[in-house]
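K.L.:
Have a look at this fold, sequence not included:
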């Protein structure tokens, strides 16, 4: 079939030669929940939780504190640190699986609050890999010319979707938000992303039931309810997958970025489990002395928020250098994953 002729030629947008992170912000709710508040409902102990996960405490949002509220706090800090006025944001991406509305998405509501008028805005449902997905998309948007500055937020209110009686997950999750501003750069600041999915393992981390299966009003938190759509996980299969498969993904991200492990200034993996982090360090052959994010001890697993929150803590506490190279990798429900090397803001 002949190709139809056209009178004109489509214009091709042009963007920046490279992109980078210009600022990172974070928000942790004020309520600290130690293991002692979790153990009775699951017939456990503080020692058992720490040995199994490395978690000492986590943060829970207030009942009236929403995903959008937390996202706004982290976004404002990220923009302030980046020196970017909200009006200059061309796109707002929110990675979350706990915004309790199918529609509207959290991103347009956040953009409105920030005064980012006319910005493209949408949510990313990629669980614990959502932030790294967002960084990859933002990098492509800046370099492709569809947006000059992109806000990427990872935010979760997992306390709303946790079964406090489930021994396998009640102690794992926490609430919080982290954000980054991605913008143009004269030199490479975000390496190639290695990402993918393994949908055949979808049932390893999933809601107990779908929203359609819910009968009647939601129960009060703390009531034992086998029909509540809490997020459940098969711990051992996920542990093995994270250790043996994700270390290979992390190594591939290093290789594609042209970076050796000893060149890194920080390793920032998803804060899923301290034992997983330790095993990944061993699998990667990460040299001693390279700082590794261990935010999980006091923040627990905040899914899409975990990497930006850990990044913010490392920068603020001087554990990782501004302008240094960091390998970040997220992995979780789906099962999905994404990794890239970035220059820290």
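P.N.:
That came through, no problem. From a predicted model like this one, the values you see are computed outputs, not experimental measurements.

K.L.:
The helix ranked longest in the chain packs against which elements?
P.N.:
What stands out as the longest helix in the chain, according to DSSP state H, is helix 235-257. Other helices and strands packing on helix 235-257, by 3 or more Cβ pairs under 8 Å, 6 or more residues apart in numbering; DSSP states H and E, are strand 194-197, helix 274-284, strand 325-332, strand 336-343. For glycine as for every other residue, the C-beta is placed from the backbone atoms N, C-alpha and C.

K.L.:
In this structure, what residue spans correspond to strands?
P.N.:
Along the chain, the segments classed as strands by DSSP state E run 18-27, 31-34, 57-60, 91-95, 120-124, 150-157, 175-185, 194-197, 205-207, 231-233, 266-269, 325-332, 336-343.

K.L.:
Among the ones you listed, which comes closest to residue 81?
P.N.:
When the strands of the chain are compared by Cβ to Cβ, strand 18-27 sits nearest residue 81, at 3.5 Å.

K.L.:
Now the longest helix of the chain: average pLDDT?
P.N.:
Helix 235-257 shows a mean pLDDT of 83.

K.L.:
residues in contact with it?
P.N.:
168, 191-194, 196, 198, 201, 204-205, 260-261, 264, 269, 272-273, 275-276, 279-280, 283-284, 327, 329, 331, 335, 337, 339-341 (Cβ atoms under 8 Å, 6 or more residues apart in numbering).

K.L.:
Just the buried ones out of those residues, please.
P.N.:
Among these, those classed as buried by 16 or more other Cβ atoms under 10 Å are 191-194, 201, 204-205, 261, 264, 269, 272-273, 276, 279-280, 284, 327, 329, 331, 335, 337, 339-341.

K.L.:
just to revisit the earlier point, from the chain's centroid, how far away is the longest helix of the chain?
P.N.:
Relative to its chain's centre, helix 235-257 lies at 16 Å (Cα atoms, centre = their mean, to the nearest Å).

K.L.:
What of stretch 77-84?
P.N.:
19 Å.

K.L.:
just the strands of the chain: most buried one?
P.N.:
Mean neighbour count (mean count of other Cβ atoms under 10 Å) peaks for strand 150-157 among those, with a mean of 32.

K.L.:
Quick one: list the elements packing against that one.
P.N.:
helix 67-82, strand 91-95, helix 106-114, helix 130-144, strand 175-185, helix 306-316.

K.L.:
Give the pairing partners of it; include direction for each.
P.N.:
Sheet pairing of strand 150-157 (DSSP bridges) gives strand 91-95 (parallel), strand 175-185 (antiparallel).

K.L.:
ok so, going back, adding distance to residue 293, write the strands of the chain out as a markdown table.
P.N.:
Shown next, in a markdown table, are the strands of the chain (distance: least, Cβ to Cβ, whole Å):
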| stretch | distance to residue 293 |
| --- | --- |
| strand 18-27 | 12 |
| strand 31-34 | 19 |
| strand 57-60 | 16 |
| strand 91-95 | 17 |
| strand 120-124 | 21 |
| strand 150-157 | 14 |
| strand 175-185 | 12 |
| strand 194-197 | 19 |
| strand 205-207 | 21 |
| strand 231-233 | 21 |
| strand 266-269 | 4 |
| strand 325-332 | 9 |
| strand 336-343 | 13 |
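
K.L.:
now the end-to-end length of stretch 288-297.
P.N.:
20 Å (Cα to Cα, to the nearest Å).

K.L.:
Can you give me the neighbour number for residue 149?
P.N.:
24 (other Cβ atoms under 10 Å).

K.L.:
If you drop the residues flanking it in sequence, what lies closest to it?
P.N.:
residue 183 (4.4 Å; Cβ to Cβ, 6 or more residues apart in numbering).

K.L.:
For residue 64, find the nearest of the strands paired with strand 150-157.
P.N.:
Judged by Cβ to Cβ, the one of the strands paired with strand 150-157 that comes nearest to residue 64 is strand 175-185, at 13.0 Å.
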